[in-house]
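1. Make a model of this:
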Amino acid sequence: MIKVSYPLNRLLTAVARQHQMKESLSDEEMAGHDLSAAERAALRAGDIQALYELGANPYLIRRVFRRRFTI
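-> The predicted model follows:
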């Protein structure tokens, strides 16, 4: 079963719409979103694998954390 986190994906969508690439997200950027402690930790660290396992959409992960992907 695929896990989906709506608060996490909503935040990633908002960041993606700003057309900014991030290494990680700050507490200020996460403010006002109902995220779990694990989701906040993964966003702070820019942990792509953890974000995927927590239910983030792979497309949104790629849009926001593009710099963390190697070619």
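2. which of the residues in stretch 50-61 are buried?
-> Buried residues in stretch 50-61, counting neighbours by 16 or more other Cβ atoms under 10 Å, are found at L51, L54, G55, A56, N57, L60, I61. (Glycine included, C-beta is placed from N, CA and C.)
3. Hmm, L12 and the fourth one touching each other?
-> Yes - in terms of Cβ atoms under 8 Å, A56 counts as a neighbour of L12; the distance is 6.0 Å.
4. on that earlier part again, can I get the buried residues of stretch 50-61 in TSV with pLDDT?
-> Shown next, in TSV, are those (pLDDT from 0 to 100):
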residue	pLDDT
L51	96
L54	96
G55	95
A56	96
N57	95
L60	95
I61	94
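5. got the buried residues for the biggest helix by length in the chain?
-> In the chain, assigned by DSSP state H, the helix with the most residues is helix 6-17. For helix 6-17, the neighbour count (16+ other Cβ under 10 Å) marks L8, N9, L11, L12, V15, A16 as buried.
6. roughly how far out does that helix sit from the chain middle?
-> Computed by Cα atoms, centre = their mean, to the nearest Å, the chain-centroid distance of helix 6-17 equals 7 Å.
7. for it, packing partners?
-> In terms of contacts (3 or more Cβ pairs under 8 Å, 6 or more residues apart in numbering; DSSP states H and E), helix 6-17 is packed against helix 27-30, helix 37-45, helix 58-64.
8. what residues does it touch?
-> Contacts of helix 6-17 with the rest of the structure, by Cβ atoms under 8 Å, 6 or more residues apart in numbering, involve 22, 25, 29-30, 33-35, 39, 43, 51, 54-57, 60-61, 63-64.
9. One more pass at 7 Å, please.
-> 22, 30, 33-35, 39, 54-57, 60-61, 63-64 (Cβ atoms under 7 Å, 6 or more residues apart in numbering).
10. Ok, stretch 46-64 next?
-> Against stretch 46-64 from outside (Cβ under 7 Å, 6+ apart): 3-5, 8-9, 12-13, 15-16, 22-24, 38-39, 42, 65, 68-69.
11. Ok, stretch 25-39 next?
-> Applying Cβ under 7 Å, 6+ apart, the contact partners of stretch 25-39 are S5, P7, L8, R10, L11, R40, L43, R44, L54.
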